[in-house]
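Asker: structure of the sequence below:
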Amino acid sequence: MFSSSSSFFTPSTTAFSTSNIFGSTSTYASVPASGNPSWSVPNSSSTSAPASSPSRWNQSTVTTPANEKPLIDTEDDLKKRISFLGGFMVAFKEKIHTDIKLMPNNGPSISAHKSVLAARSEIFKNILSSDNYKAPPSDTDTITLSELNTEELKSLLEFLYTGDLPADKFKKHVFALYVAADKYEILYLQESCERYMLNSLNVSNALDVLEISDSHSNKNLKEKTLNFIVRNMKSIVSLQKYEDFASSNPHLCVEITRAFVDAKI
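Answerer: Here you go, the predicted model:
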């Protein structure tokens with residue numbers, strides 16, 4: 001992440017961890033502040049030209065002063081940057097200048113910032129640009145997200161503010177978050193959920209992933225999940241879950257059968 005392609009130096013790296021306000025821990029690679037990379041300065045002979053070649057004097061030669069430090073983030077730089085960026089997350093947690101409320105399908109509303117919602121989602125941006133929200137903010141400005149419960153909505157907001165979620169929250173809410181990401185056009189969250197589903201695909205959840213990939217027309221996710229099901233056909237079709245799945249998704253059962261037959265040909 002912080003390695004340089006320059007031939008002048010090769011800094012060593014260390015790792016450090018920080019915790020954000022949501023309790024998540026992130027690990028970063030850094031160059032120690034005490035690092036002292038060596039620099040190679042060209043000889044004067046390599047930047048001069050003989051009098052017989054006047055055209056070379058018109059060429060500009062740029063050299064880096066030997067005492068100038070490389071532009072690489074040190075551990076201290078990264079900590080300062082995280083602290084700086086963390087200010088807006090603190091504003092969310094402490095409800096500093098929040099100007100919109102989001103209502104889940106259960107529990108109380110959650111305060112947030114219109115600017116963050118509009119920046120992360122084109123759908124939220126359009127909603128907040130409507131006449132209902134153009135007036136000065138008031139305590140009654142609310143958007144209802146009926147497809148999410150309180151925990152799912154908090155996880156959605158955590159992702160919008162930080163760009164990430166702990167693995168346990170992805171595991172618990174990945175399907176709900178994927179549906180919300182598709183509905184509100186939050187592409188990065190949708191891609192993150194898809195990546196998590198594929199990386200955690202197993203016999204127990206494959207049918208659920210197939211169902212959600214079909215209902216949201218995700219061709220890549222559906223194809224890879226079908227291939228997994230075919231490879232584990234015996235284990236999956238013997239589950240009681242498969243019988244319930246078959247009664248509500250007969251068209252997907254047909255697709256599974258066809259994929260299985262094609263794989264055997």
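Asker: low pLDDT regions in the stretch 1-150 of the chain?
Answerer: For the stretch 1-150 of the chain, the stretches flagged by pLDDT under 70 are 1-73, 82, 85-89, 91, 94, 134-140.
Asker: ok, now the stretch 151-265 of the chain?
Answerer: Filtered on pLDDT under 70, the stretch 151-265 of the chain yields the residue ranges 265.
Asker: just the helices in it please.
Answerer: Remark: helices assigned in the stretch 151-265 of the chain by DSSP state H, counting those that start in this stretch are 167-183, 187-199, 206-215, 219-231, 233-237, 240-248, 250-264.
Asker: which residues does the shortest one contact?
Answerer: Meaning helix 233-237. With C-beta atoms under 8 Å, 6 or more residues apart in numbering as the test, helix 233-237 has contacts from 203, 206-207, 229, 242, 256, 260. Just so you know, the C-beta spots here come from the backbone N, C-alpha and C atoms, and that holds for glycine as well.
Asker: which among these count as buried?
Answerer: 206-207, 229, 242, 256 (16 or more other C-beta atoms under 10 Å).
Asker: quick one, strands of the stretch 51-200 of the chain?
Answerer: Along the stretch 51-200 of the chain, counting by DSSP state E, counting those that start in this stretch, strands occupy 100-103, 110-112, 142-144.
Asker: ok, how many other residues are close to the residue nearest to L187 when sequence neighbours are not counted?
Answerer: Across the structure, with C-beta to C-beta, 6 or more residues apart in numbering as the measure, the residue nearest L187 apart from its sequence neighbours is A181 (7.5 Å). Taking other C-beta atoms under 10 Å as the criterion, the count of residues near A181 is 22.
Asker: surely A181 and Q190 touch.
Answerer: Yes - under the criterion of C-beta atoms under 8 Å, A181 makes contact with Q190 at 3.8 Å.
Asker: how about the helices of the stretch 151-265 of the chain, which one is nearest I100?
Answerer: For I100, the closest of the helices of the stretch 151-265 of the chain is helix 167-183, at 16.2 Å, according to C-beta to C-beta.
Asker: one step back: so which of the contacts of helix 233-237 is the closest to F175?
Answerer: L207 (12.0 Å).
Asker: pick the most deeply packed of the helices of the stretch 151-265 of the chain.
Answerer: helix 206-215 (a mean of 20; mean count of other C-beta atoms under 10 Å).
Asker: compute the inter-axis angle for that helix and helix 250-264.
Answerer: Direction vectors for helix 206-215 and helix 250-264, defined by axes from the mean of the first three to the mean of the last three C-alpha atoms, to 10 degrees, enclose an angle of 110 degrees.
Asker: counting by contacts, list what helix 206-215 packs against.
Answerer: In this structure, helix 206-215 packs against helix 167-183, helix 219-231, helix 240-248, helix 250-264, with contacts taken as 3 or more C-beta pairs under 8 Å, 6 or more residues apart in numbering; DSSP states H and E.
Asker: quick check: the two most widely separated of the contacts of helix 233-237?
Answerer: Spanning the widest gap among the contacts of helix 233-237 are V203 and F260, at 15.1 Å by C-beta to C-beta.
Asker: what does stretch 201-219 contact?
Answerer: 175, 178-179, 182, 194, 197, 221-222, 224-226, 228-229, 232, 235-236, 239, 241-242, 245, 249, 252, 256.
Asker: export it to CSV, keeping only CA atoms.
Answerer: Extracted as CSV, the C-alpha positions of stretch 201-219 are listed here (Å, rounded to 0.1, in the frame of the first residue of the first chain):
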residue,chain,number,x,y,z
LEU,A,201,-20.3,-19.5,0.2
ASN,A,202,-21.1,-22.9,1.7
VAL,A,203,-23.6,-25.7,1.6
SER,A,204,-25.9,-24.0,4.2
ASN,A,205,-26.2,-20.6,2.5
ALA,A,206,-25.8,-21.4,-1.2
LEU,A,207,-29.5,-21.6,-1.9
ASP,A,208,-30.1,-18.2,-0.1
VAL,A,209,-27.3,-16.6,-2.2
LEU,A,210,-28.8,-18.1,-5.4
GLU,A,211,-32.2,-16.8,-4.5
ILE,A,212,-31.0,-13.2,-3.9
SER,A,213,-28.8,-13.2,-7.0
ASP,A,214,-31.8,-14.2,-9.1
SER,A,215,-34.2,-11.7,-7.6
HIS,A,216,-31.7,-8.9,-8.1
SER,A,217,-30.5,-10.0,-11.5
ASN,A,218,-26.8,-10.4,-10.6
LYS,A,219,-25.5,-12.6,-13.3
